[in-house]
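Student: Need the 3D shape of this:
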Amino acid sequence: EEFNRLQDASSKGSKGLATRQYWISAAKRIGLADTEKGIRFVRDPSVPTSPAKSLSILAQVASDANTVRKPLVLPEDKPHIAEFLFLVMEQLQPCRFTEADRNKRRLKDVGCIGVECKHCAGQVESRKFFWSSVNAVESNFVSVHTHVMECKNVPDELKQQLARLKELRKEQTGRLKTGSQKAFFARVWKRLHEEGDVTIPSQGVKRTNVVKEAMV
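Tutor: Residues are numbered from 1 along each chain as shown. Sure thing, here's the model as predicted:
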């Protein structure tokens with residue numbers, strides 16, 4: 001009975017329990033496969049599948065560091081978007097999907113790009129967002145704002161500022177050129193998925209290798 005309860009909870013992605021997909025991925029990784037004679041090892045589990053990736057942990061650390069430094073919003077975006085929207089998006093940073101994220105019902109490939117709250121990043125209850133398309137960036141903005149306002153790691157002063165700017169959003173958006181908001185989210189999407197050394201520059205250092213984007 002206890003086993004059935006845990007199995008049911010696991011399939012629903014309860015906190016603290018890995019999802020069914022996690023166990024499937026883990027089994028495949030060690031060489032298990034579902035055969036006509038049941039689950040069997042189809043290769044020697046002691047032999048790594050990708051010996052060349054033995055230093056993948058160090059590579060992942062370097063990759064994660066570069067990922068976090070990718071800019072999502074830039075100063076030149078400000079004239080083309082409501083202050084409220086700009087400030088909310090400024091609280092996000094790029095991240096990568098990890099095995100640990102499978103506890104949250106996500107059937108994503110490890111390493112795929114997403115965004116996370118800067119304030120709770122690295123914590124057990126951190127909030128991540130993995131958008132499937134540029135349209136999803138805009139349509140899921142409410143979820144981002146809701147999290148920022150509820151996140152216990154976000155300073156109260158920032159939440160108060162967001163509350164004030166939210167009141168001005170409609171008025172500010174009305175003064176913008178039609179399509180400005182959609183163009184902003186398209187730029188965010190492009191920056192998030194852009195390959196190469198596109199990083200946030202240090203103070204006083206000129207930004208390089210950034211693709212020029214048409215502001216709408």
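
Student: quick one: average confidence on the lengthiest helix in the chain?
Tutor: The residue-count maximum for a helix in the chain (DSSP state H) belongs to helix 156-174. Helix 156-174 comes out with an average pLDDT of 96.

Student: Could you list every helix and strand that it packs against?
Tutor: Helices and strands touching helix 156-174, by 3 or more CB pairs under 8 Å, 6 or more residues apart in numbering; DSSP states H and E, are helix 83-89, helix 141-150. (Each C-beta comes from the backbone N, C-alpha and C, glycine too.)

Student: G111: what's it in contact with?
Tutor: Applying CB atoms under 8 Å, 6 or more residues apart in numbering to G111 gives the contacts 96-97.

Student: One more pass at 6 Å, please.
Tutor: Counting by CB atoms under 6 Å, 6 or more residues apart in numbering, G111 makes contact with R96.

Student: Over to the one 4 residues further on?
Tutor: Contact criterion CB under 6 Å, 6+ apart gives 92, 94, 129 as the residues in contact with V115.

Student: Name the member of those with the most neighbours.
Tutor: Neighbour counts for the contacts of V115 (other CB atoms under 10 Å) peak at L92, which has 24 neighbours.

Student: how about the helices in this structure?
Tutor: Under DSSP H, the chain gives helices at 2-11, 20-29, 56-68, 83-89, 134-139, 141-150, 156-174, 180-193.

Student: Confidence-wise, which helix or strand of the protein is lowest on average?
Tutor: Least confident helix or strand of the chain, by mean pLDDT, DSSP states H and E, is helix 56-68 with a mean of 49.

Student: Do I have it right that H80 meets G179?
Tutor: No - judged on CB atoms under 6 Å, H80 makes no contact with G179 at a distance of 9.9 Å.

Student: The two: which is more packed in?
Tutor: More crowded of H80 and G179, by other CB under 10 Å: H80, with 17 against 11.

Student: can you pull the pLDDT of that one?
Tutor: Reported pLDDT at H80 in the predicted model: 95.

Student: Give me the number of neighbouring residues for the residue nearest to it when sequence neighbours are not counted.
Tutor: Leaving aside its sequence neighbours, H80 sits nearest to S180 (CB to CB, 6 or more residues apart in numbering; 4.9 Å). S180 is flanked by 17 other residues according to other CB under 10 Å.

Student: Now do the same for S180: its pLDDT.
Tutor: Per the predicted model, pLDDT is 95 at S180.

Student: and if you look at R106?
Tutor: pLDDT, R106: 58.

Student: swap in the one 10 residues further on?
Tutor: The model reports E116 with a pLDDT of 94.

Student: check contacts around it.
Tutor: 95, 126, 128.

Student: wait, which of the contacts of V115 is closest to R40?
Tutor: If you rank the contacts of V115 by distance to R40 using CB to CB, F129 comes first, at 38.6 Å.

Student: Name whatever forms a beta bridge with that closest one.
Tutor: Taking DSSP bridges as the rule, F129 bridges to V115.

Student: Looking at the contacts of E116, state which has the most neighbours.
Tutor: Neighbour tally across these (other CB under 10 Å): the maximum, 24 neighbours, falls on C95.

Student: Having no further points to raise, I will conclude here.
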